[in-house]
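> got a predicted structure plus its sequence, pasted below:
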Amino acid sequence: MVPGAGLSLAAALDFGTLPSQVVNGVLNGAIYALIALGYTMVYGVLRLINFAHGEVYMLGAYTALFVSWAYGFRPDVPPDQLPESSLATLLVMMLASMAVCATVGVLIERFAYRPMRNQARISSLITAIGVSLLLQYGGGLFLPQNPPPTMNERVNPYRQTLELTLVGAPQQLSEAVEAARREFQAAERTFEERLKSEKDQFNLSPEGQRLRDAKFEAERRLRDAESKLNSAQVTVRVGAGRLAILVASLLLMFLLRQLVLFTPTGRAMRAVSQDFDSAALMGVNVDRIVTITFVIGSALAGAGAMMTATFLGTSITPYYGVLPGVKAFVAAVLGGIGNIPGAVLGGLLMGVAETLVIWAGYSQFADAVAFVVLIVVLLFRPGGLLGSSAVEKV
C-alpha cells in the first residue's frame, strides 16, 4: 500500500454526509430483511434454500405495477391527466402484491417442493434452481420488459425529502453565509441595472465587465461560505418514501414476531422447525404449517417488492429479483439462516455495508459487497451471527 494513501482516502471522505448514508443504509436493509425472512423461514421449517424466492419478489413488483396501471397511472396517460395517489392506493397495491406472491409461493411449494420432500436434499435444491429459472424466462415471454417499465412517480405521494439537523453550525458561519448572500444579491442587482445601458451581456463596457466580475466574485464567496457551513453541521436527509418503507417493514416484522411467538400457528411452526417428524407425531398438520410458512415468506417478499418499485422507482424486468434475492440470501446467512431475528439483523447490516461502500466512492463495487460478506461469513462463522454452528449434511 502506498504510504499515506489511507490518510488521503480519509481526507477525501465527506463525513458530514455519513449520518445520512447510515440512515439510508438502514432503510435499504429493511427491504433486504423482508426478503431474507422468506429465506430463513422456509429453511427453518424444511431445511431448504428457496432459490425461487427472488422471482416471487419480481412477480410482486409486476403486480404492483399492473395495479397502478389499473388506477390510471399508465405510461400512455398525459401527465396533466394522471390521478392523484393516496395511502389507500398504496395499501391496495401492497395487498395485491402480497396476495399474488403468497399464491405463487403456495403453488411452488405444492407442485415443486412437496413431491421432493422425501428425496435427497440435493434434489430439492436443484428443483429450487429450476423453478427460479422457469419464472425468470417464463416471465420474459409474458411480462413487459422492452423497454423496462417503471412505476409512475405520481403513484408515490411521499416524494419530498425530510431533513433533520443533528449538530448545528457555529453562529459565526451562519452569519457569514447571510452576509455573503446579501453581498451577492447587491452585486447582482447592480450588474442587472448596468445591463440596461449596455448593448448586451456579451459586449460589455469596461465598467460593465468590472461589475460582472464583482458579481462572479461575490457568488464564489457565497458558495465557499455555504460549503463551510454544510461541512460544519451534521444533517440527515431522508426521502419520505424511504421512511415509509422503514415504517411499513418494521410493522410487518412486528406482526410476524407476534404470530410466531404468541399464536398456536406460530408454536406449530417452531415445533416443525425443531423436529419435523416429532411435530407430526404430536398431531401438528405439517403440510398446513409448511404452506403457511410459504404464504408468509412470499407475502413479505411481495410487500418489499411493491415498496421498492413504488418508492425507489427502479426499472422492472423479469430479472428484477435476482440481485435483491442474492443479497437477501447473504443477509439470511449473515444473521444465521433459520433464525428470524438473525435475518432482520443481517438485512440491516447488509444495507449499511452496501451504502458505506458507495459513500466511500466505490459505487461500482456496491453489488460485490454481498459476495464478500458471504465468503467472510462462511470462512469465519458459518452459522452466522445469531445462528447455530452445527454442521449439517446436504
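Yep, it's here.

> would you map out the domains in this structure?
Domain assignment for the chain by automatic domain parsing gives 22-161+237-380, 169-232.

> columns distance to residue 386 on top of the ones you listed, output as JSON lines?
Any C-beta I mention is one placed from the backbone N, CA and C, and that applies to glycine too. Below are those laid out as JSON lines (distance: least, Cβ to Cβ, whole Å):
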{"stretch": "domain 22-161+237-380", "distance to residue 386": "4"}
{"stretch": "domain 169-232", "distance to residue 386": "39"}
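
> ranking those domains by mean pLDDT, which is last?
Per-segment mean pLDDT for those reaches its minimum on domain 169-232, at a mean of 83.

> what about that domain, distance to the chain center?
Between the centre of domain 169-232 and the centre of its chain there are 41 Å (Cα atoms, centre = their mean, to the nearest Å).

> repeat for stretch 136-156
18 Å.

> so what's the most centrally placed residue in the chain up against?
Nearest to the geometric centre of the chain sits residue 28, at 3.3 Å (Cα atoms, centre = their mean). Neighbouring residues of residue 28 by Cβ atoms under 8 Å, 6 or more residues apart in numbering: 351, 354-355.

> what do you get for residue 268?
279, 284-285, 289.

> in JSON lines: the residues you listed, plus distance to residue 20.
Below are the contacts of residue 268 laid out as JSON lines (distance: Cβ to Cβ, whole Å):
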{"residue": "279", "distance to residue 20": "47"}
{"residue": "284", "distance to residue 20": "47"}
{"residue": "285", "distance to residue 20": "49"}
{"residue": "289", "distance to residue 20": "42"}
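
> from the residues you listed, which ones fall inside helices?
Of the contacts of residue 268, the ones assigned to helices by DSSP state H are 279, 289.

> show me what the helix or strand hosting residue 126 is packed against.
Residue 126 belongs to helix 121-142 when assigned by DSSP states H and E. If you count contacts as 3 or more Cβ pairs under 8 Å, 6 or more residues apart in numbering; DSSP states H and E, helix 121-142 packs onto helix 53-70.

> tell me which two in the contacts of residue 268 are the farthest apart.
Across these, no pair lies farther apart than 279 and 285, at 9.4 Å, counting by Cβ to Cβ.

> who's more crowded, those two?
Each of residue 279 and residue 285 has its neighbours counted (other Cβ atoms under 10 Å); residue 279 has more, 20 against 13.

> which residues touch that one?
268, 271-272, 286, 289.
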